[in-house]
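Chemist: Generate coordinates for the sequence data below:
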Amino acid sequence: MPIILSIVLALGLWGYVSLTSPSTVYVTYPLIIDLPEERSLEMEPPVSISVKLRTSGWQLLYLQYFSSGKECRIDIEKAKVAPDGIVELTKSDILQGINPSVSLEKVVEVLPENIMLKTGMLFRQSVPVQSRISINPAEGYMVIGKVKIEPDSIVLRGNGSIIPTLRSWATANMSFSDLTGPFSFTVPLQDSLQNLVTSAVKEVVISGDIQQIAEITIDDVPIIIAGAPSNSEHSIEPSRISLHIRGGVRRLASLSPDDIKAIVYYPQLIEDSSGFIAPTFVIPAGITVIGTNPKTVKHRLIMYPKP
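Modeler: The predicted structure follows:
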């Protein structure tokens, strides 16, 4: 027991001496550029700033692990902008932007010491949001209808050489699994090009419906010949068909007879030479035809005797 106590005391004394003695370490600060309302960056600045500090171990421990909101924020409105849009940030400008602030006598080195920024006029463009999330229903369940994105478009602001090339803006890559019912997830938008392209919208809501899978048979669906003239001599046999369909259990329960249509288009009949036609089915979103009875229908051209 005395040996263990001695070891604990020795470790405590060593830790105290280490934390009170001056130490040197690099601290990394994310670089954030605040631009005037109608200006944008035309070249990407460094992502972060590294500052080599020499101070007590206690303060270094605080800076590394317990300091919230650690950043280097530069306000371009307070900097000198050349007529060609160039802004040169000095070591002093960089250190003034560090938060929480550090005493200059504790700074040994700043990397980089100077930053050159090129600014230009701001461009705006509205683009659709592209979902990069994966929705995986639990076994025996399926997504019903379309997955919604709200808002489904955003306004991008930034560099005039980049903005016109962007056709969409994606969400972060995320996956949601084993879902068994309606869902609504708040998903962040991607943060690439964050200093060159910005948006007031930082996240979107992805929502949709998931239902348990069910199958039913719909009998006596009439087959419609679409586009045929009134004196058409073409006929379809049989004139009705049975459909075996799959979908969400609540969606299937809400179906009405008018929600499903079997159609043969008149141009199909004109071009047919086999005597058999496969109808086209118009069905609600989220429902799949997995079988028919019969699989094909007969096509006949009625030949009337000449008078």
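Chemist: The residue most central in space within the chain: what's it in contact with?
Modeler: Centroid-nearest residue in the chain, with C-alpha atoms, centre = their mean: residue 171, separated by 1.7 Å. By C-beta atoms under 8 Å, 6 or more residues apart in numbering, the contact set of residue 171 is 129-133, 149, 187-190, 204, 206. Where you see a C-beta, it was placed from the backbone N, CA and C, and this is true even at glycine.
Chemist: Which members of the residues you listed are classed as buried?
Modeler: The neighbour-count test (16 or more other C-beta atoms under 10 Å) applied to those identifies 129, 131, 133, 149, 187, 189, 204, 206 as buried.
Chemist: May I have the secondary structure class of residue 258?
Modeler: Under DSSP: H, G, I helix; E, B strand; the rest coil, residue 258 falls in the helix class.
Chemist: mind checking which helix or strand of the chain has the lowest mean pLDDT?
Modeler: helix 2-20 (a mean of 48; mean pLDDT, DSSP states H and E).
Chemist: before we move on, back to that, between the buried ones among the contacts of residue 171, which is nearest residue 115?
Modeler: Nearest to residue 115, judged by C-beta to C-beta, of the buried ones among the contacts of residue 171 is residue 189 at 26.3 Å.
Chemist: who's that closest one bridged to?
Modeler: residue 171 (DSSP bridges).
Chemist: tell me the contacts of residue 232?
Modeler: Residues in contact with residue 232, defined by C-beta under 8 Å, 6+ apart, are 225, 266.
Chemist: Give me the pLDDT for it.
Modeler: Note on residue 232: pLDDT of 75.
Chemist: ok, it to residue 297 distance?
Modeler: Distance of residue 232 to residue 297, computed by C-beta to C-beta, to the nearest Å: 16 Å.
Chemist: Helices along the stretch 51-200 of the chain, start to end?
Modeler: Assigned by DSSP state H, counting those that start in this stretch, the stretch 51-200 of the chain shows helices spanning 57-61, 91-96.
Chemist: weakest of those by average pLDDT?
Modeler: Among the helices of the stretch 51-200 of the chain, helix 57-61 scores lowest, at a mean of 56.
Chemist: before we move on, the earlier item: any chance of CSV for the buried ones among the contacts of residue 171, columns pLDDT and distance to residue 47?
Modeler: Shown next, in CSV, are the buried ones among the contacts of residue 171 (pLDDT from 0 to 100; distance: C-beta to C-beta, whole Å):
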residue, pLDDT, distance to residue 47
129, 96, 24
131, 95, 26
133, 95, 25
149, 97, 28
187, 96, 23
189, 95, 18
204, 97, 24
206, 97, 28
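Chemist: Just the closest of those to residue 46, please.
Modeler: Distance to residue 46 across these (C-beta to C-beta) is lowest for residue 189, with 22.5 Å.
Chemist: The closest one is in contact with residue 204, isn't it?
Modeler: Yes - the criterion here is C-beta atoms under 8 Å, and residue 189 meets it with residue 204 at 6.6 Å.
Chemist: shared neighbours of those two, which are they?
Modeler: Residues within reach of residue 189 and of residue 204 at once, by C-beta under 8 Å, 6+ apart, are 129, 171.
Chemist: What are the structural domain limits within the protein?
Modeler: Structural domains annotated on the chain: 20-121, 123-212, 213-301, as defined by automatic domain parsing.
Chemist: Confidence-wise, which of those domains is weakest overall?
Modeler: Minimum mean pLDDT among these: domain 20-121, a mean of 78.
Chemist: Off-centre distance for it?
Modeler: Here the centre of domain 20-121 is set off from its chain's centre by 30 Å, with C-alpha atoms, centre = their mean, to the nearest Å.
Chemist: Stretch 126-138 now?
Modeler: Using C-alpha atoms, centre = their mean, the offset of stretch 126-138 from its chain centre is 5 Å.
Chemist: which residues are contacting that stretch?
Modeler: For stretch 126-138, using C-beta under 8 Å, 6+ apart, the contacting residues are 143, 147, 149, 151-156, 166-180, 183, 185, 187, 189-190, 204, 206, 208, 210.
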